[in-house]
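A.B. asks: need coordinates for the following:
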Amino acid sequence: MATVLLEDQTLRDGLQNEPRLLSLGDKLEIASLLAAAGVRRLQVGSFVDPRRVPQMVGTEELVALVRRELPGVECTALALNEHGLERAIRSGLRRLSLSVSLADSHSRLNAGCGASEALSRVVGLVGRARGQGMVVRAGLQCAFGGDCEPVDWARVVAAAGQLVAAGAAEINLADTAGKAGPDEVARLVGRVRQAVVAVPLSLHLHGSRERTRANLLAGYRAGVRLFDVAVGGLGGCPFVPGARGNVATEEAAGLFASLGKGTGLDVQALTAAARRTAQLLGRPLRQPAGPGRD
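C.D. replies: Numbers count the residues shown, from 1 in each chain. Below you'll find the model as predicted:
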C-alpha cells in the first residue's frame with residue numbers, strides 16, 4: 001500500500017524551460033509511460049500564456065487526452081490568474097493547482113504584480129474554483145525565500161491560513177530558488193503544520209540531487225507525505241536565473257523504497273520513462289544516482 005504520494009510534474013515544471021517543443025502526441029506518450037510505471041497523480045501543464053511559456057501550448061487538449069486515454073490517472077494542472085482559472089473550468093478539470101509567489105521580485109515576473117496583490121487575487125480564485133466543484137491545491141512559491149530576497153515565514157504561515165480559509169484542500173510549499181536546507185524545510189513545515197492542521201502539506205523542491213534528497217527526507221521526517229517530482233530531475237522556474245531542477249521521480253521512488261515506504265511506483269519503468277523523455281528532448285537528463293555519486 002502506498003504511504004507516500006509522488007505527484008509527477010514532468011509535463012509541466014519539467015518541460016517549461018525546455019527549448020525543444022514537444023507535440024501533444026509526445027506528451028501523451030510520456031504520460032502513458034508514467035501511468036504504466038504507477039503514477040497516479042499527474043500535472044500535465046499550466047494555463048498560462050504560451051507566448052511566455054511556449055511549451056504549455058495546448059494544455060486544454062492534453063487534459064482531454066489524458067482524461068480519456070488514462071482514466072486511472074488523476075489529472076491536474078496549474079493556473080496563476082483569473083484567465084487561467086477560466087480555461088481550467090472549460091477544460092473540465094476536477095483538480096487544480098493555484099499558485100502565488102511570496103517574493104515580490106519573483107511575483108512581478110511571474111504574475112505581473114507584487115506578492116500581496118497576487119495573494120489577494122489567488123485567495124479569491126481558490127474560492128471561485130471551489131464553487132465550481134474543483135479540488136484545489138494552493139501553492140506558495142518562494143516559501144523559503146527568493147533568489148536574493150528573504151521571505152518572512154510569518155507571511156508564509158499567514159498566507160497558508162488565508163488559502164485554507166478560502167477552501168484549499170492542500171498547501172504546497174515550494175523552494176522555487178532551490179536555496180533551502182533540510183533544517184529550514186523541517187522548521188517551516190512544522191510552523192505551517194501548526195497553523196493549518198486540517199489539510200495536508202506537500203513540498204515542491206528544487207536544487208542539486210544532494211540538496212533535494214536531503215530536503216525530501218527532512219520533509220518526510222517532518223510529516224509530509226506528498227511530494228512533487230519530475231523524471232530525470234527536469235524542471236526549474238523560467239524566472240529564476242540558473243534554476244535547478246526537481247526531485248527526480250525515479251530517485252524519489254527508489255529512496256522511499258529503500259526506507260520501506262511504498263509509493264506504488266516501479267523504479268525501472270520510471271527510469272525507462274526518463275530515457276524516452278531524454279530522447280524526445282534530444283539531450284541527456286540527470287543520470288540515476290549510484291554509489292559515491294552526487
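A.B. asks: can we go C-alpha only for contacts and neighbour counts from here?
C.D. replies: OK.
A.B. asks: can you give me the strands in the stretch 51-200 of the chain?
C.D. replies: All strands of the stretch 51-200 of the chain, identified by DSSP state E, counting those that start in this stretch, fall at 74-79, 95-101, 135-141, 170-175.
A.B. asks: give the contact list for residue 153.
C.D. replies: 143-144, 188 (C-alpha atoms under 8 Å, 6 or more residues apart in numbering).
A.B. asks: mind doing that once more with 7 Å?
C.D. replies: With contact set as C-alpha atoms under 7 Å, 6 or more residues apart in numbering, residue 153 has no partners.
A.B. asks: so how far is residue 140 from it?
C.D. replies: Residue 153 sits 11 Å away from residue 140, going by C-alpha to C-alpha, to the nearest Å.
A.B. asks: about what we covered before: now the strands of the stretch 51-200 of the chain in a markdown table, with distance to residue 282 and mean neighbour count?
C.D. replies: Output for the strands of the stretch 51-200 of the chain, formatted as a markdown table (distance: least, C-alpha to C-alpha, whole Å; neighbours: other C-alpha atoms under 10 Å):
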| stretch | distance to residue 282 | mean neighbour count |
| --- | --- | --- |
| strand 74-79 | 25 | 23 |
| strand 95-101 | 29 | 25 |
| strand 135-141 | 29 | 25 |
| strand 170-175 | 28 | 24 |
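A.B. asks: so which of those strands comes closest to residue 273?
C.D. replies: strand 74-79 (18.0 Å; C-alpha to C-alpha).
A.B. asks: list the buried residues for stretch 13-23?
C.D. replies: 13-18, 21-22 (16 or more other C-alpha atoms under 10 Å).
A.B. asks: quick check: closest non-adjacent residue to residue 190.
C.D. replies: residue 222 (6.7 Å; C-alpha to C-alpha, 6 or more residues apart in numbering).
A.B. asks: how many other residues sit next to that neighbour?
C.D. replies: 16 (other C-alpha atoms under 10 Å).
A.B. asks: mind listing what it touches?
C.D. replies: 186, 189-190.
A.B. asks: residue 97 now?
C.D. replies: Counted by C-alpha under 7 Å, 6+ apart, residue 97 has contacts 77-79, 136-139.
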